[in-house]
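[1] Following is a predicted model, sequence given first.
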Amino acid sequence: MDTPTTSSAPAITPRPGESADAAALREAILQKLTYDLGKSRLGARDRDWFIATALAVRDRIVDRWIDLTRATYQSGAKQVYYLSLEFLIGRLLRDNVSNLNLLPTLRDALEPLGVDLEKLRIAEPDAALGNGGLGRLAACFMESMATLSIPAFGYGIRYDHGLFRQIIRDGWQREYPEDWLNDGNPWEFARPEIAHEIGFGGTVEAVNISEARVKHVWKPGETVQAVAYDTPIVGWRGAHVNTLRLWSARAVDPLRLDAFNSGDHVGALANKVKAESISKLLYPSDESAAGQELRLRQEYFFSSAALQDLVRRHLRVYGDLRSLPDRVSIQLNDTHPAIVVAELLRILVDLHDIPWDEAWPITRKTISYTNHTLLPEALESWPVPLMERLLPRHMQLIYLINAFHLDSVRLRYPNDGRMLSSVSLIEEGHGRRVRMGHLAVVGSHKVNGVSALHSDLLKQTVFSDFHQIFPGKLTNKTNGITFRRWLQQCNPGLTSLLVDTIGPVVLDDANALATLKPLAGDKAFQEKFAAVKRANKVALAELVRDRFQLRLDPDAIFDVQIKRIHEYKRQLLNVLEAVALYDEIRSQPTKDWTPRVKIFAGKAASSYHRAKLIIKLAHDVARVINSDPTVRNLLKVVFLPNYNVSLAEMIVPAADLSEQISTAGMEASGTGNMKFALNGALTIGTLDGANVEIKEHVGDDNIFIFGLTTPEVEQRRREGWQGQRAVEQSRRLQEALEQIEAGVFSPDDPARYRELVGNLRGSDYFMVTADFDSYFDAQRAVAERWRNPAAWWKSAVINTASMGWFSSDRTIAEYAQEIWNVPVKR
């Protein structure tokens, strides 16, 4: 990062009663509007004002960013490099302004211009750099690292069009490209001078250096450029500024002039299209062989670019790669960047002539790996032929790593073929595949899960043999969330109440929330707390009314499930309960029913057909229930499309009930559960992921737990569970399934859901039928608690007061002290 020249700004005269800082910021915004955007005040749109404001705020970040970066290298401080395929950072205007303590100043600066800060916030598009919890966690971690003054770089891909923009047509999900970069990104700095060449394919030549030594030279058949784009990440109160460096793919030769001049205008651009496809979309469909290859190209592309970049920087400052583990900690956020293990070895051995017996310990001491799932498909494995064709040198190195690894295992476990097969980096059954999760475990000095339950299950299931071979390597770091965004920014009403009650210390110390507990039963405080919640619900209801012409009752329970659509997350269970409740309301119209609004949001992977069918079912059920006058507004169902961070920031503060109902043993952690509880929602959930730890902190009386436990789920699967057994024992479930199966909710296509229902009656792998009655009963307990306001708001306050431990600052401090070995400034 080069140091820019600065010049002293002319003196700005404040308006009467205005601070000099507000006047200076207003002048800076006007300068950006005029000279960077070429717009006048009269012709400026909200989007223009947003860009001008963002650029003016960015200027206030840059000097500190540069100074802190320089100081890091001068001090020799160890740096963390956080590699993630997703960084779901959302909108940054409010985030940066809040963390810089500029919010009142900015409002004062904009007011004389007649510019509404809220309109500018809305004018900023969400950065389409992630999908769900993995990306949002990475964003929280980057902010917490800056807050704790841990020098760090985040490395990922600058996706042109993100995952996709979800549009619902007649209840069906339709995918369209995100357009978040159409008007540019004012927060980022293009770094065209920082471009690394990424190779694919080609051949590997063995060159004899001496009689005793052979050097392997990879000659790629194709080369793509990774071009850097930097976004500064500001910590709370501007404590530190780190860098999020995202890579964009560019063709080395963007236009074949010979082909173009011969009339093949489309073919002349083929190399450019192929190269740039790497950074076009997040998670392109892998249903085809070409899609699988693109996924692997993406993962190697950003992993190699990150390593080349940090190695270049390290050599420039320290001169010797042997000191890498002392100055660098590389954290792999899930299995996507696992190829880093082989790539770092290649750089050390092939490019810098470091012998294997030195390079391998350097690699392992430098890298650590976070596992986020027990699902086999998310652990990733690649066909050996694909790896050999696309990354031939890396495949050689993986074979070599595996050979040394298995030799070591064989010495400790002689004649144990099962153990060797289990921990081998190469899966031999059903076509040979490279196990990337295994590669990450073998190539790291620490491996962590993301909740206590998940980490225990890693040791007992997918990595049980590794836990035996490498005792102490597998550890736990329960996820957390940044309270700056998920309380202070998204819920200013509750934040103001907390500051008035506890004091400003709550803005800096998440653990100060605990001092709220004695007020949980205080009627006056409960009324204030409830008033904040109702105001948030009114705001969400207005959004739903404006966008979907559906009126919601803010005095009803807002029952919310917002997350990626997946069978193990069990949105289907929630929909079935809605159908059963609908039937109960109609059959018992005189009963004192508790009004309820069920709110869904989330995207299904474009190739995940059953998840998309569940979205359609939710819409079909919503259409019938919402239009039935006999329900009398006692039940509403709404699905909010194109779920993203900004939508979550509206929904989370308005939620009364948080649905965390995954099949036990399948959710690694979840962070939505933490966000909801922090904002005073009660959780209904299984003993899965971080629900277990939330239950420990809030107490059994302040959470609604239902369903099978992880051991019980596994036992039923072993016994060959059939859902029909549960259906026969549950009148409500039987009636709900019969209606769906018969086409009551899909009269245009009565057979639409027969296969879906048939699966539930059959193997029902995700235990929807097994847990249905327990879930239905837990929902009635929720309704009963709601009818007792004093009890409900006591539980809600206790949830908020108990969330201090779930701050991402705590999580990052644990990483820093126990994995990265870097100091923390609090």
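    Yes, it's here.
[2] How far off centre is stretch 775-794?
    31 Å (Cα atoms, centre = their mean, to the nearest Å).
[3] any idea of the mean pLDDT in it?
    In this model, stretch 775-794 carries a mean pLDDT of 98.
[4] Pull out the buried positions in that stretch.
    Residues of stretch 775-794 classed as buried: 775, 776, 778, 779, 782, 783, 785, 786, 792, 793, 794 (neighbour count, 16 or more other Cβ atoms under 10 Å). The C-beta positions use only the backbone N, C-alpha and C, and glycine is treated the same way.
[5] so of those residues, which ones are in helices?
    775, 776, 778, 779, 782, 783, 785, 786, 792, 793, 794 (DSSP state H).
[6] Closest one of those residues to residue 13?
    Closest approach to residue 13 among these (Cβ to Cβ): residue 793, at 50.1 Å.
[7] residues in contact with the residue nearest to that closest one when sequence neighbours are not counted?
    Nearest residue to residue 793, sequence neighbours excluded (Cβ to Cβ, 6 or more residues apart in numbering): residue 526, at 4.0 Å. Neighbour list for residue 526: 520, 789, 790, 793, 794, 797 [criterion: Cβ atoms under 8 Å, 6 or more residues apart in numbering].
[8] Could you work out the most separated pair of those residues?
    Once Cβ to Cβ is applied, those give 520 and 789 as the farthest pair, at 13.2 Å.
[9] Strands of the stretch 251-400 of the chain, start to end?
    Per DSSP state E, counting those that start in this stretch, the stretch 251-400 of the chain carries strands over the ranges 328-333, 367-370, 381-383.
[10] In CSV, list the ones you listed along with mean pLDDT and mean neighbour count.
    Below are the strands of the stretch 251-400 of the chain laid out as CSV (pLDDT from 0 to 100; neighbours: other Cβ atoms under 10 Å):
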stretch, mean pLDDT, mean neighbour count
strand 328-333, 98, 25
strand 367-370, 98, 26
strand 381-383, 96, 19
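[11] Arrange those strands in JSON lines, one row each, with distance to residue 154 as further columns.
    Rendered in JSON lines, the data for the strands of the stretch 251-400 of the chain read as follows (distance: least, Cβ to Cβ, whole Å):
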{"stretch": "strand 328-333", "distance to residue 154": "9"}
{"stretch": "strand 367-370", "distance to residue 154": "14"}
{"stretch": "strand 381-383", "distance to residue 154": "25"}
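[12] gap between residue 28 and residue 95?
    19 Å (Cβ to Cβ, to the nearest Å).
[13] cool, and residue 38?
    Counting by Cβ to Cβ, the gap from residue 38 to residue 95 is 27 Å.
[14] Neighbour count for these two, which is higher?
    Legend: neighbour count by other Cβ atoms under 10 Å for residue 38 and residue 95, higher for residue 95 (21 against 9).
[15] Enumerate every residue touching the closest residue to that one other than its chain neighbours.
    Of all residues beyond its chain neighbours, the one nearest residue 95 is residue 485 (6.2 Å), with distances taken as Cβ to Cβ, 6+ apart. The contact partners of residue 485, taken as Cβ under 8 Å, 6+ apart, are 90, 95, 140, 143, 649.
[16] Just confirm the second one contacts residue 484, I think it does.
    In this case it means residue 95. Yes: using Cβ atoms under 8 Å, residue 95 is in contact with residue 484, at 7.5 Å.
[17] which neighbours do the two share?
    residue 143.
[18] Make a markdown table out of the buried residues of stretch 775-794 and add distance to residue 413.
    Formatted as a markdown table, these follow (distance: Cβ to Cβ, whole Å):
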| residue | distance to residue 413 |
| --- | --- |
| 775 | 44 |
| 776 | 49 |
| 778 | 46 |
| 779 | 49 |
| 782 | 51 |
| 783 | 55 |
| 785 | 53 |
| 786 | 56 |
| 792 | 56 |
| 793 | 57 |
| 794 | 55 |
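[19] Let me see the confidence value for residue 629.
    Confidence for residue 629, expressed as pLDDT, is 95.
[20] quick one on the thing from earlier: which single one of the contacts of residue 485 is nearest to residue 823?
    Distances from residue 823 to the contacts of residue 485, taken by Cβ to Cβ, are shortest for residue 143, at 18.4 Å.
[21] could you pull out the helices for the stretch 151-300 of the chain?
    Per DSSP state H, counting those that start in this stretch, the stretch 151-300 of the chain carries helices over the ranges 257-261, 270-276, 289-318.
[22] For the first one, buried residues please.
    By neighbour count, with 16+ other Cβ under 10 Å as the criterion, the buried positions of helix 257-261 are residue 259.
[23] From residue 182, how far off is the residue nearest the centre of the chain?
    For the chain, residue 135 is the residue whose C-alpha lies nearest the centre (Cα atoms, centre = their mean; 2.3 Å). Here the criterion is Cβ to Cβ. By it, residue 135 lies 21 Å from residue 182.
[24] go on, residue 400?
    Per Cβ to Cβ, residue 400 is found 47 Å from residue 182.
[25] next one: residue 771
    With distances taken as Cβ to Cβ, residue 771 is found 44 Å from residue 182.
[26] Output the below-cut-off pLDDT ranges for this protein.
    1-12 (pLDDT under 70).
[27] before we move on, the earlier item: check the secondary structure at the residue nearest to residue 793 for me.
    helix (DSSP: H, G, I helix; E, B strand; the rest coil).
[28] Noted, bye for now.
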